[in-house]
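# Turn this into a structure:
(4 chains)
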Number of protein chains: 2
Amino acid sequence: MRSESSRTSTSWQAIRDTVLQRIRRHDWPQGSLIPNEAELAEEFGCARSTVNRALRELAATGILERRRKAGTRVAATPARRATFEIPIIEKEVESRGSRYGYVLITRDIRPAPPHIRAQMGLPHATDLLHLQSLHLADGAPYIHEDRWVDPQAAPGILEVDLGAISANKWLVQNIAYTDGSLTLSAERASDAVARCLQCAPDDPVFTMHRHTWTNEKTITIVTQTYRPHHRMRIDL
Amino acid sequence: MRSESSRTSTSWQAIRDTVLQRIRRHDWPQGSLIPNEAELAEEFGCARSTVNRALRELAATGILERRRKAGTRVAATPARRATFEIPIIEKEVESRGSRYGYVLITRDIRPAPPHIRAQMGLPHATDLLHLQSLHLADGAPYIHEDRWVDPQAAPGILEVDLGAISANKWLVQNIAYTDGSLTLSAERASDAVARCLQCAPDDPVFTMHRHTWTNEKTITIVTQTYRPHHRMRIDL
DNA sequence: CAGTGGTCTAGACCACGGT
DNA sequence: CCGTGGTCTAGACCACTGT
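Residues are numbered from 1 along each chain as shown, chains lettered A, B, ... in the order given. You can find the predicted model right below:
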């Protein structure tokens, strides 16, 4: 069996799978030290760098823990990391087989309110661009979006027709960001949001809060509220 | 400037950062083809495998898209993937500086109800282990957990004292799983859950649904309901 | 100090997939 | 067909960190 993929002696995937199997069978119990790279390379009859690649991948998913000199250990709790796809709403909607739509509800420029100032770390009540919009799936409300943009960090945004292109799309295409954070929560729909999403004003709604910045400077803070009953799926 | 990290000619991190910078500066616009590995290796004065490593890392985060023969392109929408840390409740609680606690509320063996049978793909109403428990932070309710376990897929589980060790901990330590899915949503707290979490019966609650299986066979299905106002943070 | 992982190199062969 | 990325090798030096 195992005709498998590779021609070249041993592939790093094969080594990864073998190691994984040994961990799952408890040949190498949780927390234990496994042989070092040189030993495994000899066992598998391959170069050390091939072993390195295999073990590195396993370490990246949290299954192994590696430290120089200390060696490689089976993590106490395996499989702790997964890849999270940051939803791109347009594609998310289309991949469900629906037609994507976008509507700008309000656009105004106003001094940052206190909670936004605090999050952005602004010393003064700078003028910010405030947007409210709606993403649609087959014409029905899908996500309500409330966004603040700092025009100083996103030069050019004030000249854009944000009724034609979504702020997110424009920002992604035009403003580089270096860092971001993402917070998920369950909220009670506010009256305003409920009206937009056409749901009851206290329905539980899945909410995604994003903050992106570049070089310590906030570009935008967004709160996206999904319509009720939304589920976000993550594969492991 | 740039004393930087490496001694050895050029590090893959340096190449990654340079490439990233060029993308952010739009030297290489979105969707465009960038030079191939051999050309970049020459430009940076390093081995092709070093370039490969740098570009592979960028492709893993969704910033680049690579295909043999077709070459490497700047993704239309950069930075689409992030690493998601699957919360290990005990550690999550302790990392907040709280004391972790665990209480088993109910334990019974009963035929799988229809919706669980459907999710597990069970043809008959097999007997399953059903558990309800509470995770505590400093003695206060933190997460309510409702879990179904197939004893056939998790041999030994019926003999375990699940009042002493949480089912999750025991399963993670004893039963290998190969695949899983994770679904996040906002729900309205049910009466039973609200009582356990000591909140109002219609509070919006953040809910994590997990399904793990091995070789097509479901091991366990869990619904974990966080106390109100919980936020799940993901760094990018 | 010394062992272990981290990385780089130069060269090679291969697999995929546009043309 | 043949260009491009994917991988492997053998060897080397280095960086961290436990002892």
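
# Just to check, residue A:186 is in contact with residue B:186?
Yes - with contacts counted by C-beta atoms under 8 Å, residue A:186 reaches residue B:186, the gap being 3.4 Å. For glycine as for every other residue, the C-beta is placed from the backbone atoms N, C-alpha and C.

# Common neighbours of those two, please.
Listed as contacting both residue A:186 and residue B:186 by C-beta atoms under 8 Å, 6 or more residues apart in numbering or on different chains are A:204-207, B:204-207.

# restrict those to those near DNA strand D?
By C-beta under 7 Å from any atom of the strand, no member of the shared contacts of residue A:186 and residue B:186 lies near DNA strand D.

# Okay, the closest residue to residue A:24 other than its chain neighbours and residue B:78: tell me how far apart.
Of all residues beyond its chain neighbours, the one nearest residue A:24 is residue B:176 (3.4 Å), with distances taken as C-beta to C-beta, 6 or more residues apart in numbering or on different chains. Using C-beta to C-beta, to the nearest Å, residue B:176 is found at 36 Å from residue B:78.

# do residue A:96 as well
From residue A:96 to residue B:78 the distance is 23 Å (C-beta to C-beta).

# Between these two, which has more neighbouring residues?
residue B:78 (19 against 11; other C-beta atoms under 10 Å in any protein chain shown).

# Do you know the pLDDT at the more buried one?
pLDDT, residue B:78: 75.

# ok, it touching residue B:30?
Yes - with contact defined as C-beta under 8 Å, residue B:78 reaches residue B:30; the gap is 7.2 Å.

# intersection of neighbour lists for these two?
residue B:23.

# circling back to that earlier point, what are the phi and psi values for the residue nearest to residue A:24?
phi -80, psi 140 (degrees, to the nearest 10).

# Tally up the residues packed near it, please.
Neighbour tally, residue B:176, other C-beta under 10 Å: 17.

# centroid residue for chain A?
residue A:86 (3.8 Å; C-alpha atoms, centre = their mean).

# That residue against residue B:82, yeah?
Yes - contact criterion C-beta under 8 Å: residue A:86 and residue B:82 qualify, at 6.2 Å.

# any shared contact partners between those two?
Shared contacts of residue A:86 and residue B:82, defined by C-beta under 8 Å, 6+ apart, are found at A:182, B:236.

# what residue ranges in chain A score low on pLDDT?
Along chain A, segments meeting pLDDT under 70 span A:1-9.

# who in it is up against DNA strand C?
Counting by C-beta under 7 Å from any atom of the strand, chain A sits next to DNA strand C at A:7-8, A:36-38, A:48-49, A:52, A:55-56, A:59, A:66-72.

# Of those residues, which belong to strands?
A:66-67, A:71-72 (DSSP state E).

# Among these, which one sits closest to chain B?
residue A:66 (16.5 Å; C-beta to the nearest C-beta).

# What is the burial count for that closest one?
Neighbourhood size, residue A:66 [other C-beta under 10 Å]: 15.

# Over to residue A:217?
With other C-beta under 10 Å as criterion, residue A:217 counts 15.

# is any part of stretch A:134-144 close to chain B?
No - remark: stretch A:134-144 sits outside contact range of chain B, by C-beta under 8 Å from any C-beta of the partner chain, the gap being at least 13.1 Å.

# What distance separates the opening and closing residues of that stretch?
Criterion C-alpha to C-alpha, to the nearest Å; first-to-last residue distance in stretch A:134-144 is 5 Å.

# In CSV: the shared contacts of residue A:186 and residue B:186, plus secondary structure and neighbour count.
Formatted as CSV, the shared contacts of residue A:186 and residue B:186 follow (DSSP: H, G, I helix; E, B strand; the rest coil; neighbours: other C-beta atoms under 10 Å in any protein chain shown):
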residue, secondary structure, neighbour count
A:204, strand, 24
A:205, strand, 26
A:206, strand, 25
A:207, strand, 24
B:204, strand, 24
B:205, strand, 26
B:206, strand, 25
B:207, strand, 24
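
# Buried residues of stretch A:28-48, list them for me.
For stretch A:28-48, a neighbour-count test (16 or more other C-beta atoms under 10 Å in any protein chain shown) marks A:28, A:34, A:37, A:40-41, A:44, A:46 as buried.

# For stretch A:164-180, buried residues please.
A:166-172, A:175-177, A:180.

# Closest to residue A:23 out of these?
Checking the buried residues of stretch A:164-180 against residue A:23 with C-beta to C-beta, the nearest one is residue A:180 at 33.1 Å.

# Show me what the helix or strand encompassing the closest one is packed against.
Per DSSP states H and E: residue A:180 is located in strand A:179-188. Judged by 3 or more C-beta pairs under 8 Å, 6 or more residues apart in numbering or on different chains; DSSP states H and E, the packing partners of strand A:179-188 are strand A:204-214, strand B:179-188, strand B:204-214, strand B:231-235.

# tell me the angle the last one makes with strand A:204-214.
Relative orientation of strand B:231-235 with respect to strand A:204-214: 30 degrees, computed using axes from the mean of the first three to the mean of the last three C-alpha atoms, to 10 degrees.

# Quick one: list the elements packing against strand B:231-235.
strand A:179-188, strand B:81-85.

# So what are the sheet partners of that strand and their directions?
Strands adjacent to strand B:231-235 in the sheet, as given by DSSP bridges, are strand A:179-188 (antiparallel).

# neighbouring contacts of the strand it pairs with?
So strand A:179-188 is contacted by A:86, A:202-214, A:225, A:232, B:79, B:82, B:184-187, B:203-207, B:228-236 (C-beta under 8 Å, 6+ apart).

# okay, how far is it across stretch A:115-128, tip to tip?
13 Å.

# ok now it, how far from the chain's centre?
Mean-position distance between stretch A:115-128 and its chain equals 25 Å (C-alpha atoms, centre = their mean, to the nearest Å).

# Count the neighbours of the residue of chain A found nearest DNA strand C for me.
Among all residues of chain A, residue A:69 sits closest to DNA strand C, at 2.6 Å; criterion: C-beta to the nearest atom of the strand. Using other C-beta under 10 Å, residue A:69 has 4 other residues around it.

# before we move on, back to that, out of the contacts of strand A:179-188, which end up buried?
A:86, A:203-214, A:225, A:232, B:79, B:82, B:184-187, B:203-207, B:228, B:230, B:232, B:234, B:236.

# Might you report the residue contacts of residue A:209?
A:182-185, A:221-224, B:231.

# And it, how close does it get to DNA strand D?
Residue A:209 is 33 Å from DNA strand D, where distance means C-beta to the nearest atom of the strand, to the nearest Å.
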